[in-house]
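Asker: Structure for this input, please:
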Amino acid sequence: MIRIRCITSYALPIARDRIAQVKAIFSQNFPKLAEYADKIPDLLTNPFKHEYQTALLVSETTLGKVTGFVLLLHFPAIRSSFLDFIAVRKEQWGGGLGSALYEAAREY
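Answerer: Reported below is the predicted structural model:
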């Protein structure tokens, strides 16, 4: 069973743990953009600096292992969102997890 959780802050220890796992998945799927993953905590922490809100949707097992993520940028001034990245662990490919994450992003 998986659950999808929305992370909008870097303040809580559980959020920091999930973000560290997201960075690993990000680097695995986008090796040429791996340094962008280091910006995720800043994107979550400083929405006024970037002029948009960042939401990180993560799918996780019941034991807290992150299996995939969606990075969304929401622009409240124009009431629109941008799906920046979506990725799952390589061992999870082909199981429909990407579709579930995309659907969660649409609902968000």
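Asker: what helix or strand does the residue lying closest to residue 90 once chain neighbours are set aside sit in?
Answerer: Of all residues not flanking residue 90 in the chain, residue 28 sits nearest, at 6.2 Å (CB to CB, 6 or more residues apart in numbering). To be clear about C-beta, it is placed using only N, CA and C from the backbone, and glycine gets the same treatment. Using DSSP states H and E, residue 28 maps to helix 13-29.
Asker: Could you tell me how far residue 44 is located from residue 15?
Answerer: 8 Å (CB to CB, to the nearest Å).
Asker: The two: which is more packed in?
Answerer: residue 44 (21 against 18; other CB atoms under 10 Å).
Asker: Might one say that the more buried one is in contact with residue 10?
Answerer: Yes. In this structure, residue 44 is within contact of residue 10 by CB atoms under 8 Å, at 5.0 Å.
Asker: May I ask which helix or strand of the protein has the lowest mean pLDDT?
Answerer: Least confident helix or strand of the chain, by mean pLDDT, DSSP states H and E, is helix 47-50 with a mean of 76.
Asker: what's the following helix or strand after it?
Answerer: strand 53-61.
Asker: now the angle between helix 13-29 and that following strand, please.
Answerer: 90 degrees (axes from the mean of the first three to the mean of the last three CA atoms, to 10 degrees).
Asker: So which bits of the helix or strand following strand 53-61 are buried?
Answerer: Beyond strand 53-61 on the C-terminal side, the first helix or strand identified by DSSP H and E is strand 66-75. Neighbour counts over strand 66-75 (16 or more other CB atoms under 10 Å) mark 66-74 as buried.
Asker: I'd like these laid out as CSV, including distance to residue 87.
Answerer: As requested, the buried residues of strand 66-75 are exported to CSV (distance: CB to CB, whole Å):
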residue, distance to residue 87
66, 10
67, 10
68, 6
69, 6
70, 8
71, 9
72, 13
73, 16
74, 19
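Asker: Point out where the protein drops to low pLDDT.
Answerer: The model of the chain has pLDDT under 70 over residues 92-93.
Asker: Mutual contacts of residue 44 and residue 15, please.
Answerer: The overlap between the contact sets of residue 44 and residue 15 (CB atoms under 8 Å, 6 or more residues apart in numbering) consists of 7, 9.
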